[in-house]
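# Sharing a sequence plus its predicted fold:
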Amino acid sequence: MLTSVFTMKRSLLKVPFYLAVTSLLIAGCAGGNKTDRNTSSATGWKINAKEGGFQYNTDFKDQETGPGLVLIEGGTFTMGQVQDNVMHDWNNMPTQQHIQSFYMDETEVTNKMYMEYLDWLKRVFPPDEEQYKNIYRGALPDTLVWRSPLSANEAMVANYLRHPAFAEYPVVGVNWVQAVQFSAWRTDRVNEAILSRDGYLAKDARYQVDATSTFSTDTYLNTPSQTYGGKIQGEMGGKKSGKEGQTAYVKQTSGILLPDYRLPTEAEWEYAAKSLNGIRQYNTLQGRKKYPWNSQYTRSTERRTRGEQMANFKQGKGDYGGLAGWSDDKGDITVAVKTYPPNDFGLYDMAGNVAEWVADVYRPILDDEVSDFNYYRGNVYMKHAIGEDGKQVIVTPETIKYDTLPNGKVVARNLPGNIATVPVDSSETYLRYNFTHSDNRSYNDGDKASTRNFRNQNDLMAGGAEYVNSMYNAPKPKKPGSDIGGKDYDTSNDRTSLIDDEVRVYKGGSWRDRAFWIDPAQRRYLPQYIATDYIGFRNAMSRVGSKSKTGHRTPKG
């Protein structure tokens, strides 16, 4: 009898569960069809159908990590210096900023990496041909930066860039403009390799190029038939599609090609250098982690390595490495990348060795009232140039344009095979609230409207006088094409500033700098055409999609 009662109770307890499951199944049927990633939620049409229609990569899972990069998961941090500023520059006041996830080179660009770039330029654009000579020469690092009137440094002048003993040392003598051009070249070579790997290009296509048939990611995505100077439809092409065997192209919707390699913004660089991701203690988050490693000191506090220097920097007057032996910092000048342990993001040499160019134009104050998300000063918005035939203009060896820098160095503005660009105009800015013109480098700090004497200058301009920026009246560079040392140089004695729209920030201390400068919060600037023996660079890349590799959720189908 008791057994029957207990059995009846267990059966009654099961009833609500079965009812609940049945209700969910009915609700699911009433709510619609099973989720299918290849069926449109908007129209119910099939995506990627063999018959044609909308084609989209529904199997995309995550952005591929490009060569040399590591993922930097974004977050909030205090940008600037939170300790006393003994230099009294007050150009790095603390401000709260948020950085979106991005990728960054684990090391600085090395001599070997840059030599690969030079080798490619020399093969594709032979410098012994008159029309191409400035492409290769304009990319060459300035090896004379090692010279000093009272130093015996000729060994570095002759050997530092090319000798294999320095292959893994950071490249120096590269100005900001050259670093940007290297980044653009690297983008195209990496995406070219990806397309070749996946069969969209002929296996050896990237080794068969010449000045009239180079690959450009921008050209491939926007006018693919013009890639390799049109040869992609022939011997340079890979996969075929359709009954007629037409060349198959990757689109933006395919998700295969990577975003641009570029210089990191100042905020990205500082966030990555401080690497607060590995530390959760309250004191550290309040700014007591001064360097990329978890310490306020330049020497290791770990038991096994206690006393060893954590970076390559100048330790005092006439002391670039310390005493020979255990207290030495392993280098008189630069050292090979990965000589010191990485920070918590996996980045090497974010303090010391060489300082690094970042993308930003320098201003003494960060305008966090305008932006506290992905802060960057330097936006110059461009668009593709359209020819009279209504098609995008592709740069050819005959139409390539060069810029003459103030120091006389001639650099190519755009390599052949790329789409020519022009500044955006009123057709893109009309009735916009978020931006009103192409060049935003002086936004709210150096443009006409933000100068003290704006009204008076308007009166001067109305009277025919030349407009002079009273906030930043840096010396004006010589006119393009004029002789070095000629009359076109600015000889005025009334200049009060070296700041203009072509001075760029560099971050991190170097082998030439005291410990004060290896603090990631410190910031300095130089004209973008200047190269030194202590400034190098590394690349960054934007991340598309989820914030982290564990944050992506793909619906099951």
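Ah, there it is.
# tally of neighbours for residue 178?
Applying other CB atoms under 10 Å, we find 26 other residues in the vicinity of residue 178. Yep, even glycine has a C-beta here, placed from its N, CA and C like the rest.
# Could you look up the SS state of it?
Following DSSP: H, G, I helix; E, B strand; the rest coil, we place residue 178 in the helix state.
# My understanding was that it contacts residue 137; is that so?
No - look at residue 178 against residue 137 with CB atoms under 8 Å: they stay out of range, at 11.2 Å.
# Now do the helices in the stretch 301-450 of the chain.
Secondary structure of the stretch 301-450 of the chain by DSSP state H, counting those that start in this stretch: the helices cover 426-429.
# Quick check: which ranges of the stretch 151-300 of the chain have low pLDDT?
Residue ranges of the stretch 151-300 of the chain with pLDDT under 70: 242-244, 278-288, 300.
# Likewise for the chain?
Within the chain, the ranges that satisfy pLDDT under 70 run 1-35, 242-244, 278-288, 300, 307, 325-327, 451-470, 479-487, 550-557.
# how about 80 then?
Residue ranges of the chain with pLDDT under 80: 1-35, 82-89, 241-245, 277-290, 293-310, 322, 324-329, 448-471, 477-491, 550-557.
# Please enumerate the helices of it.
Counting by DSSP state H, the chain has helices at residues 2-31, 111-124, 133-139, 154-159, 176-197, 217-222, 266-274, 282-283, 426-429, 454-462.
# Would you quantify the distance from residue 350 to residue 360?
Distance of residue 350 to residue 360, given as CB to CB, to the nearest Å: 17 Å.
# same check, this time on residue 498
16 Å.
# So if I had to pick from those two, which one is more boxed in?
With neighbours defined as other CB under 10 Å, residue 498 and residue 360 compare such that residue 360 has more, 26 against 14.
# Hmm, residue 377 and that one touching each other?
Yes - look at residue 360 against residue 377 with CB under 8 Å: they come within range, at 5.1 Å.
# now do the same end-to-end measure for stretch 303-320.
Using CA to CA, to the nearest Å, one end of stretch 303-320 lies 25 Å from the other.
# Need the residues that contact it.
For stretch 303-320, the external contacting residues (CB atoms under 8 Å, 6 or more residues apart in numbering) are 291, 293, 295, 298-300, 321-322, 326-335, 339-341, 349, 351-353, 509-515, 517-518.
# before we move on, what about stretch 115-133?
Applying CB under 8 Å, 6+ apart, the contact partners of stretch 115-133 are 135-137, 139-140, 161-162, 167, 182, 185-186, 189, 209-211, 214, 397-398, 415.
# now do stretch 204-219
Under the contact criterion CB under 8 Å, 6+ apart, stretch 204-219 has outside partners 124-125, 132, 187-189, 191-193, 196, 201-202, 226-229, 231-232, 235-236, 238, 257, 260, 394, 396-397, 415-419.
# what does stretch 374-393 give?
Stretch 374-393 is contacted from outside by 79, 97-100, 222-223, 265-268, 359-361, 363, 366-368, 399, 419-424, 428, 435, 438-441, 443, using CB under 8 Å, 6+ apart.
# Mind checking which of those residues land in strands?
Cross-referencing the contacts of stretch 374-393 against strands under DSSP state E gives 79, 97-99, 359-361, 421-423.
# Just send the residues you listed back as TSV, with distance to residue 474 too.
Putting those into TSV (distance: CB to CB, whole Å) gives the following:
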residue	distance to residue 474
79	25
97	27
98	32
99	30
359	20
360	17
361	12
421	26
422	26
423	22
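# Now, of those residues, which are buried?
Buried members of those, scored by 16 or more other CB atoms under 10 Å, are 79, 97-99, 359-361, 421.
# Okay then, goodbye and thanks.
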